[in-house]
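>>> Predicted coordinates and the sequence they were generated for:
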Amino acid sequence: MRRIRKAVFPVAGLGTRFLPATKAIPKEMLTVVDRPVIQHVVDEARAAGIEHLIFVTGRNKGAIEDHFDQGYELERTLAERGKLRELEELRRDSPKAGETSFTRQQAPLGLGHAVWCAREIVGDEPFAVLLPDMLHHGREPCLKGMIDAFEAQPSNIIAVSEVPMSETHQYGILGVGPPGRRGLMPVNSMVEKPPQGTAPSNLMVSGRYILEPGVFSILETQPRGAGGEIQLTDAMITLARARPFNAFRFEGRIFDTGTKLGFLAANLAYALERPDLGPALRDELRAILSPAGQKR
């Protein structure tokens, strides 16, 4: 069995739902409290033992590369001003030399194409994919649980979370069998945004994957699917005909920061659990939600 050492982060999206905020700033650099969204997702990957971070970028995404680089001038200024706590936090978050790679998706051809763009860096080994829009907020990092399950039962693994049946048409949905080792459920069907009333379950694909490298050869010739894009789901359906797939149920809350409501909810959830912000924020929310506050 080969360890999961590498993770792919598709970060080439335009972020049009957040215009004009994302006109000059990558959507992945918008902050949830005081950390960019992409930093939260990288934190999850590193907590799971990922050693190599692979970013699939596009135009105007240089700020992401700069964020994960060392800022010598900033670090020197912090040291000179005695801001050692801030300096230590910056250094702790910075990947070491050689731990990051950046490759370009030249055209917006879909998630499957973005993953395929990382093929030469991933090589011939199983790897993780983390969609940066989806923040998984729970007691245990989602990817760590998936990797622990992979080590007990090597296979392709897709993280899932329950949604109301009335909302299944908005997501990729998996049909699964009874849970086995480590709670893994064998996948017996995958459907991208099924029409209402036809979903095989209420388990949505939540943006975390462990995939075997065989998916790259499928994506190489994968025809365009929904939206005229090369869909990762289509490639996984093909791979599942020959290789085992399992679903991993994430026990926690998922915030889709690619939507305005999900982004705002994530900021509240992450801030409320912090001892330096939570108590004062609760007071502010009570004041805003009070009858007097709503009349202002």
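Nice, I can see it.

>>> Check whether Ile237 sits in a helix, strand or coil.
Assigned by DSSP: H, G, I helix; E, B strand; the rest coil, the conformation of Ile237 is helix.

>>> Around it, how many other residues sit close by?
Look at Ile237: counted by other Cβ atoms under 10 Å, it has 18 neighbours. Just so you know, the C-beta spots here come from the backbone N, C-alpha and C atoms, and that holds for glycine as well.

>>> where's it relative to Pro195, distance?
Separation of Ile237 from Pro195 (Cβ to Cβ, to the nearest Å): 17 Å.

>>> residue boundaries of the helices in the stretch 51-200 of the chain?
62-67, 72-80, 84-93, 111-116, 119-122, 142-152 (DSSP state H, counting those that start in this stretch).

>>> Go through those and pick out the most buried.
Most buried of the helices of the stretch 51-200 of the chain, by mean neighbour count (mean count of other Cβ atoms under 10 Å): helix 111-116, with a mean of 24.

>>> contacting residues around the residue most central in space within the chain?
Most central in the chain under Cα atoms, centre = their mean is Leu131, positioned 2.9 Å from the mean C-alpha point. Contact partners of Leu131, counting by Cβ atoms under 8 Å, 6 or more residues apart in numbering, are Pro10, Leu111, Gly207, Arg208.

>>> got a markdown table for those residues, with distance to Leu84, pLDDT and secondary structure too?
Listed next are these as a markdown table, based on distance: Cβ to Cβ, whole Å; pLDDT from 0 to 100; DSSP: H, G, I helix; E, B strand; the rest coil:
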| residue | distance to Leu84 | pLDDT | secondary structure |
| --- | --- | --- | --- |
| Pro10 | 36 | 96 | strand |
| Leu111 | 41 | 92 | helix |
| Gly207 | 36 | 94 | strand |
| Arg208 | 35 | 96 | strand |
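
>>> out of the residues you listed, who's nearest Leu78?
Pro10 (32.1 Å; Cβ to Cβ).

>>> Distance check, the residue nearest to the closest one when sequence neighbours are not counted against Leu74.
Distances taken as Cβ to Cβ, 6 or more residues apart in numbering place Ala114 nearest to Pro10, at 3.9 Å, with adjacent residues excluded. In this view, Ala114 and Leu74 are 30 Å apart by Cβ to Cβ.

>>> for stretch 230-242, the distance to its chain's centre please.
For stretch 230-242, the gap between its own C-alpha mean and the chain's C-alpha mean amounts to 19 Å (Cα atoms, centre = their mean, to the nearest Å).

>>> Ok, stretch 284-292 next?
Worked out by Cα atoms, centre = their mean, stretch 284-292 lies 33 Å from the chain centre.
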